[in-house]
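Enquirer: make a model of this:
(one chain, ligands or ions: 2)
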Amino acid sequence: MEGRMLHVVKGQEKSVRVMGRDGRPAKVISVTSGKGGVGKSSVTSNLALGLAAKGARVLLIDGDFGLANLDIMFDLRSHRTVDEVLRGEVTIREVVVTVADGVDVLPASSGLHGMTSLRMEDKVRYLDAITELELDYDYFLIDTGAGISDEVTWLNSRADEIVLVATPEPTSLADAYALIKVMSQKHKIKRYRLLVNQVKSEAEALRVFQHLTGVTDRFLNVTVDFFGFVLWDDLWTHSIRQRKPILSAFPGSQSAKRFLELADTIKRSGFSRRTEGPPHFFKTLMGHA
Ligand SMILES: Nc1ncnc2c1ncn2[C@@H]1O[C@H](COP(=O)(O)OP(=O)(O)OP(=O)(O)O)[C@@H](O)[C@H]1O
Ligand SMILES: [Mg+2]
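Expert: Numbering: from 1, shown residues only. Ligands and ions are numbered 1, 2, ... in the order given. Predicted structure coming up:
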């Protein structure tokens, strides 16, 4: 099987064929949300560990520039920065940090820029360099920022699969709907997988799913599949304090088992490359120029 990734080369789009491990392309899955703080970074990190436990090689990409989500999650204290790559001092490979067997992290924390935002062109240049790593991994998991900003929607538009994280809170649902609406209209993305986090039961997760699909079916021409749910678990507080994802801090816990099951779902249910239409990031980039 062959996949396609887009390069920006001197202001022009170039499509190249890339092959992943075992002759298959790495699958690009973005984990995103409308509302912030719903558990994207936690979920993405644990999914990566779950997939690695099943034998996959995963590159976990921090897509929220300047905020160091994954640095916090894995207690990364020093590594090369986005700025160094942009200045051409180091390669993208040198920024990658191995955090567990089978899991590498590509941090997005920026040296000079600190908390201030990078220009969109620089983000594109940085992320575009990831293409050179695609041969080394089975999955790229992108931990995006929250909301409907161009940056978030652009990152999602580059992914083969979009996992949308939502909680039962009404604001989270409303914001999930808003994100789907923008993604479907601006980027023509028609398929989403919903992961309901912080629920008390599977029934509650299914109610959230029905609620969301009730409105998306009515007003938007999209498909939202139920990917799964993660229960509210007090252990999360302890795992965050230890600066470790729950799967490594409490491997025997129910939550850890949940992520192993979700990793199985990803492997079995054929999360696949999107075949319809090219990614649209170039247009978005031009919008920022
Ligand atoms: N299932 C859960 N049970 C209990 N606490 C949880 C659960 N999932 C996430 N949390 C907690 O919710 C908080 C927010 O999680 P996280 O940082 O992963 O969210 P996020 O969506 O990445 O946030 P941001 O939008 O700011 O990047 C963390 O303190 C985390 O421990
Ligand atoms: Mg986060």
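
Enquirer: can you give me the strands for the stretch 51-200 of the chain?
Expert: 58-63, 97-100, 103-106, 139-146, 161-166, 191-199 (DSSP state E, counting those that start in this stretch).

Enquirer: who are the packing partners of the first one?
Expert: Contact partners of strand 58-63 among helices and strands, from 3 or more Cβ pairs under 8 Å, 6 or more residues apart in numbering; DSSP states H and E: helix 40-53, helix 69-73, strand 103-106, strand 139-146, helix 150-158. Bear in mind the C-beta positions are built from the backbone N, C-alpha and C, glycine included.

Enquirer: do you know how far Asp104 is from Gln185?
Expert: 34 Å (Cβ to Cβ, to the nearest Å).

Enquirer: who's more crowded, the two?
Expert: Set Asp104 next to Gln185 and count neighbours by other Cβ atoms under 10 Å: Asp104 wins out with 21 against 12.

Enquirer: picking that back up, make a markdown table from the strands of the stretch 51-200 of the chain and add distance to ligand 2 and mean pLDDT to it.
Expert: Formatted as a markdown table, the strands of the stretch 51-200 of the chain follow (distance: least, Cβ to the ion, whole Å; pLDDT from 0 to 100):
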| stretch | distance to ligand 2 | mean pLDDT |
| --- | --- | --- |
| strand 58-63 | 8 | 94 |
| strand 97-100 | 16 | 96 |
| strand 103-106 | 13 | 96 |
| strand 139-146 | 6 | 94 |
| strand 161-166 | 10 | 97 |
| strand 191-199 | 12 | 97 |
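
Enquirer: could these go into TSV alongside distance to Leu235?
Expert: Below are these laid out as TSV (distance: least, Cβ to Cβ, whole Å):
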stretch	distance to Leu235
strand 58-63	21
strand 97-100	18
strand 103-106	20
strand 139-146	20
strand 161-166	18
strand 191-199	13
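
Enquirer: and those as a markdown table, adding distance to ligand 1?
Expert: Output for the strands of the stretch 51-200 of the chain, formatted as a markdown table (distance: least, Cβ to the nearest ligand atom, whole Å):
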| stretch | distance to ligand 1 |
| --- | --- |
| strand 58-63 | 10 |
| strand 97-100 | 15 |
| strand 103-106 | 14 |
| strand 139-146 | 4 |
| strand 161-166 | 6 |
| strand 191-199 | 5 |
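
Enquirer: closest residue of the stretch 1-150 of the chain to ligand 2?
Expert: Ser41 (3.2 Å; Cβ to the ion).

Enquirer: before we move on, what's the pLDDT of that residue?
Expert: With respect to pLDDT, Ser41 has a value of 96.

Enquirer: got a markdown table for the helices and strands packed on strand 58-63, with distance to Leu206 too?
Expert: Listed next are the helices and strands packed on strand 58-63 as a markdown table, based on distance: least, Cβ to Cβ, whole Å:
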| stretch | distance to Leu206 |
| --- | --- |
| helix 40-53 | 18 |
| helix 69-73 | 28 |
| strand 103-106 | 30 |
| strand 139-146 | 23 |
| helix 150-158 | 24 |
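
Enquirer: closest to Leu247 out of the ones you listed?
Expert: helix 40-53 (4.2 Å; Cβ to Cβ).

Enquirer: does ligand 1 sit close to the closest one?
Expert: Yes. Using Cβ under 6 Å from any ligand atom, helix 40-53 reaches ligand 1 at 40-42.

Enquirer: distance check, the closest residue in space to Val165 that isn't next to it in sequence against ligand 1.
Expert: Leaving aside its chain neighbours, Val165 sits nearest to Ser33 (4.6 Å; criterion: Cβ to Cβ, 6 or more residues apart in numbering). Note on Ser33: its distance to ligand 1, by Cβ to the nearest ligand atom, to the nearest Å, is 6 Å.

Enquirer: OK, contacts around Ser33?
Expert: Counting by Cβ atoms under 8 Å, 6 or more residues apart in numbering, Ser33 makes contact with 40, 144, 146, 164-166, 172, 175-176, 179.

Enquirer: is it in a bridge, and if so with what?
Expert: Ser33 has the following beta-bridge partners by DSSP bridges: Ala146.

Enquirer: helix, strand or coil for the residue lying closest to Arg258 once chain neighbours are set aside?
Expert: Spatial nearest neighbour of Arg258, chain neighbours left out: Val230 (5.6 Å); criterion: Cβ to Cβ, 6+ apart. Here Val230 is recorded as strand under DSSP: H, G, I helix; E, B strand; the rest coil.

Enquirer: please look at Val230 and Glu261 and confirm they touch.
Expert: No. Applying Cβ atoms under 8 Å, one finds Val230 not in contact with Glu261, separated by 10.1 Å.
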